[in-house]
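# Predicted structure and sequence below. I'll ask about it afterward.
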Amino acid sequence: MSYFSINDRFKQHGLMIVISSPSGAGKSTLSRLLWKDKRMNLALSVSITTRERRPSEVEGIHYYFISMKEFEHLRDNDKLIEWAEVHGNYYATLRTVVTELLEKGQDMLFDIDYQGVDQLQKQMPYDIISIFILPPSMKELKSRLHCRAEDSEGAIKTRLENSRIEIQYWQTYDYILINKSIDKSLEAIASIIIAERLKRQRQPGLKKFIDDLMDEGS
Ligand code: 5GP
């Protein structure tokens, strides 16, 4: 049972919930926990990347790992709904999977950077909810990147430097969250999604429901 069964029948197009943050601020953990919560009924968009797979990552679950040649082929044949170069690697979202699910009314979660968000906002301005996650401090961000221990010192340095650029885009997002605790952040994101789903303009069948309601017993 989803949180929204009362109004589910009015849904048309799925929502795109995009979450961005500097590396290490917790967005991947948050998006996976949200996806695992069956009551939220969200599909997770699995990106493609030219980055090397980390030891803990699984093909098709965390990313589809592809070569630069494969990436260029997909990009040049308009198979990508958005793409960006991040930390020296290429990342992108495949067009077909996403549009099929959204057209079925499935809400989707995207863990993408500000460049990808900008491209999606331009293409589908009414269907996007954007959330930016900030770390509580730069010290904490650094410590989380080191704790993960899956990236080289060079990669960690690049990610820390890039975090200062990424944070500057905070004003292009609808919601800003400081991730002090995973539980509280999860609760906050769930509340955002619940409220956005209930917006009047996102419930196209409501007029008919209200007309029927008024006719009842009259
Ligand atoms: P990581 O290498 O740590 O998995 O991800 C690096 C950055 O790439 C993160 O900021 C993440 O949000 C971003 N990213 C992951 N997938 C995509 C994607 O499909 N498109 C874009 N634009 N960015 C992505």
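Happy to help now that I have it.
# Confirm for me that I48 is in contact with H62.
No - counting by CB atoms under 8 Å, H62 is not a contact partner of I48; they are 11.2 Å apart. Heads up, the C-betas are built off the backbone N, CA and C, glycines and all.
# Pull up the overlap in contacts between those two.
Common neighbours of I48 and H62, counting by CB atoms under 8 Å, 6 or more residues apart in numbering, are absent.
# Ramachandran coordinates for the closest residue to the ligand within the chain?
At 2.5 Å from the ligand, G116 is the closest residue in the chain, using CB to the nearest ligand atom. The phi/psi pair for G116 (degrees, to the nearest 10) reads phi -70, psi -40.
# From here on, call the first residue 541.
Yep, numbering from 541; the last one is G656 now.
# Give me the nearest residue to it, chain neighbours excluded.
E622 (4.3 Å; CB to CB, 6 or more residues apart in numbering).
# Which strand residues bridge that neighbour?
T633 (DSSP bridges).
# what are the phi and psi values for D714?
Taking degrees, to the nearest 10 as the convention, D714 sits at phi -70, psi -40.
# same question, the one 5 residues further on
Reported as degrees, to the nearest 10, the phi and psi values for N719 are phi -80, psi 80.
# Could you report the neighbour count for it?
N719: 22 surrounding residues under other CB atoms under 10 Å.
# what's near enough to touch the closest residue to L674 other than its chain neighbours?
Once flanking residues are discounted, L674 sits nearest to I718: 4.9 Å by CB to CB, 6+ apart. Neighbour list for I718: 673-676 [criterion: CB under 8 Å, 6+ apart].
# Now do the helices in the protein.
Using DSSP state H, the helices of the chain run over residues 567-576, 608-616, 635-643, 654-663, 678-688, 693-707, 722-737, 746-755.
# how many degrees apart are the second one and helix 635-643 in direction?
Going back to what we said before, that points to helix 608-616. 50 degrees (axes from the mean of the first three to the mean of the last three CA atoms, to 10 degrees).
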